[in-house]
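# mind folding the following:
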Amino acid sequence: MRLLLLAASCALPLAAGVAGAAPAVPASTTDRLGEFLRRPQYESLTLSPRGDYLAARVPLDDRTVLVVVRRSDMQIAAQLDPGKDGFVDSETWVSDTRLFASTSVRWGTRDQPYSLGVLRSLDVDNSKGRAFAGNVIDALVDDPERMLISDCRKVTIKECWTRVVRVSKDGAGKREEIVDAPIPNADFLADRKGTVRFSWAWETDDRQQVYLLRGEDWTQINDETVSGVEVLPVGTSYDGRYGYLWSERKQGPDVIERIDLASGERSVVASDPDSDPQRLVWSFDGHEPIGAVYGGLRPKTRFFDASHPHAALTADMETAFPGEFARVTSATRDGRSAVVTVSSPREPDRYYLLDTASGDLKLLAKRRPWLTAAQMAPTRAIELKNRDGVVLRGWLTAPTKSPAAPLPLVVMPHGGPFDIQDDWGYDDEVQMLATRGYAVLRVNFRGSGGRGRDFVESGHRQWGAKMIDDLNDATRWAIADAGVDAERICLWGASYGGYAALMAAAREPDLYRCAIGFAGPYDLPTMHRWGDVQRSRWGRAYLDRTLGDDMAELRRQSPTAHAAKIKADLMLVQGMRDERVSPEHLRMMKRALEEAGKPYEGYFPSQETHGFYGEKSKRQYYERVLGFLDKHLR
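Below is the predicted model:
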């Protein structure tokens, strides 16, 4: 069957129907920065299990509300408003007529919202049930009354012995205890009938343990201290015979395995010699994974079984949107209707309603309709060899109408750094720069995710060494092969990216004209003394393994030790309530620069944390960044 794209005859009127929602068109068409900072019209769009309703999160000036719309007349039927400075973060349909929502709220003078740790219910008749604590293991959408949650059966020092409990969806009535976890702080996965199958957790030494439940007994199927890899349960087959595992390998990319739940026998059902799976593809009813997404500029699905009834229609969706990626993100219980989300590097997500019987595909809504592909710059996948002969991959985004002269370049190292990657999708900051006339380079240096455990571990204890070599080698590649101006190159990054921006400028003083560091851990020994990572045994084990504990070597790999070498003009940015990367790093970097007689610009809002959440501070931040880049690269 081929999909038929129809006019937007069922477009949602949500934004216009919610008090305080933003109009579809920005107030000022000349405020380009404002268009990128403008809140989306919708943050999510999901179908109810029977298909009578759509739910959407709608961001307003001072809150995010959850709205339920009847499909019969496309009118708002119910709304959950968390109040001023409250935010609905996620929603889950737990029956044909009820949703659960998790919420967060801003406290005191901080701009960052914090989770309340409870679930709030909303019925389609606009009634609200009582809130209750617990993590939903399985909503059991085929059961109108009950669902599975996990809670703590016993709390010890810094540990929670979890268990699975079957509870009423209205939060009332007797709780039925199902099974206890085999280890503390464990997660669970159940099959479509609500039978618990897997449990897993990371111990205090940051090593994973995974168990399979057979009858009443837990059987260990992975011990990272022995296997050297992590194995994550991700789903089960519709018939309940098999489970699916996202499995690391000691060398090479991750694979998807199928495990026989009776015998424990495992076999690989999806793999790629060059990259990890990017995500799973699910059956339209959401009950079982049917494939995995791989690929570069245009993701491509590989199905576990090409004869699965939803495989052909999923493939048709990919064909219907060339240069983009379409995926089912929610569907009805019978699989007849589905919400299809379409993504690309040139446009924020669009939502379509798919009739799986007829193939009709109708536009429902666009997250941010004022940002269109025609306005944005194209992104292309790149490959290069670093000085050690390792192939690096990344993304280059450049203005569509490039002038004859070489382009100025902004190099954007990602944060993390480990097991994080720059990917194919839309990015506001990238397009903010590219539509302003800058080329943008993002590279997945050693330590990045997407290419297996060994590639991640090749960056361990190399924060300021090989990882920075990769960044500088990619910049030189852009000069030689991408038509950028060698005299007009700046770095801009946040968290590890902020550290990398300053460290790269110190390692290669003549390569960069300027650098912007946002919340960078500029003094690596301080990572062991300040910040929230080192406060837990797990965090300390992680730091020892990935960063190292040789304080002299960490000092040598710190920008604070090399401030006098930096020639690039600098801008430092920090939220002064940051608990992940303590402002102590900023104070030490400022002191080192001042002792070296090196000037810098700065922006340090007192109410922000690790990332900016307030509208005013975000606006000021980007205005200062763009002004700084314009001053040094124009």
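# alpha carbons only for contacts and neighbour counts from here, please
OK.
# can you pull out the strands in the stretch 301-450 of the chain?
For the stretch 301-450 of the chain, applying DSSP state E, counting those that start in this stretch gives strands covering 325-331, 337-344, 347-355, 360-366, 379-385, 391-397, 407-411, 439-444.
# what's around the residue nearest to Thr356 when sequence neighbours are not counted, how many residues?
Among residues not flanking Thr356 along the chain, Arg336 sits closest, at 5.3 Å (CA to CA, 6 or more residues apart in numbering). Neighbour count for Arg336, taken as other CA atoms under 10 Å: 16.
# wait, isn't Arg163 in contact with Ile178?
Yes: counting by CA atoms under 8 Å, Arg163 does reach Ile178; the two are 7.4 Å apart.
# follow-up on the earlier one: same list, the strands of the stretch 301-450 of the chain, but as JSON lines with distance to Asp206, mean pLDDT and mean neighbour count please.
Formatted as JSON lines, the strands of the stretch 301-450 of the chain follow (distance: least, CA to CA, whole Å; pLDDT from 0 to 100; neighbours: other CA atoms under 10 Å):
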{"stretch": "strand 325-331", "distance to Asp206": "32", "mean pLDDT": "91", "mean neighbour count": "23"}
{"stretch": "strand 337-344", "distance to Asp206": "34", "mean pLDDT": "94", "mean neighbour count": "24"}
{"stretch": "strand 347-355", "distance to Asp206": "35", "mean pLDDT": "95", "mean neighbour count": "23"}
{"stretch": "strand 360-366", "distance to Asp206": "40", "mean pLDDT": "94", "mean neighbour count": "21"}
{"stretch": "strand 379-385", "distance to Asp206": "32", "mean pLDDT": "94", "mean neighbour count": "17"}
{"stretch": "strand 391-397", "distance to Asp206": "28", "mean pLDDT": "96", "mean neighbour count": "19"}
{"stretch": "strand 407-411", "distance to Asp206": "32", "mean pLDDT": "97", "mean neighbour count": "26"}
{"stretch": "strand 439-444", "distance to Asp206": "24", "mean pLDDT": "98", "mean neighbour count": "26"}
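# of those, which is nearest Gly539?
With CA to CA as the criterion, Gly539 lies closest to strand 439-444 of the strands of the stretch 301-450 of the chain, at 23.8 Å.
# buried residues in the lengthiest helix in the chain?
Longest helix in the chain, counting residues (DSSP state H): helix 615-633. Under the neighbour-count criterion of 16 or more other CA atoms under 10 Å, helix 615-633 has Ser617, Lys618, Tyr621, Arg624, Val625, Phe628, Leu629, His632, Leu633 buried.
# go on, stretch 88-102?
Neighbour counts over stretch 88-102 (16+ other CA under 10 Å) mark 88-102 as buried.
# now it: how far from the chain's centre is it?
Offset of stretch 88-102 from its chain centre (CA atoms, centre = their mean, to the nearest Å): 21 Å.
# tell me where the stretch 151-300 of the chain has strands.
All strands of the stretch 151-300 of the chain, identified by DSSP E, counting those that start in this stretch, fall at 159-168, 176-180, 187-190, 196-202, 208-214, 217-223, 231-236, 242-247, 255-260, 266-270, 279-282, 289-294, 300-303.
# can you redo the ones you listed as a markdown table, where the extra columns are mean pLDDT and mean neighbour count?
Supplementary listing: the strands of the stretch 151-300 of the chain in a markdown table, determined by pLDDT from 0 to 100; neighbours: other CA atoms under 10 Å:
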| stretch | mean pLDDT | mean neighbour count |
| --- | --- | --- |
| strand 159-168 | 90 | 19 |
| strand 176-180 | 93 | 15 |
| strand 187-190 | 96 | 21 |
| strand 196-202 | 96 | 23 |
| strand 208-214 | 96 | 21 |
| strand 217-223 | 96 | 16 |
| strand 231-236 | 97 | 22 |
| strand 242-247 | 97 | 22 |
| strand 255-260 | 97 | 22 |
| strand 266-270 | 96 | 17 |
| strand 279-282 | 92 | 19 |
| strand 289-294 | 93 | 22 |
| strand 300-303 | 90 | 21 |
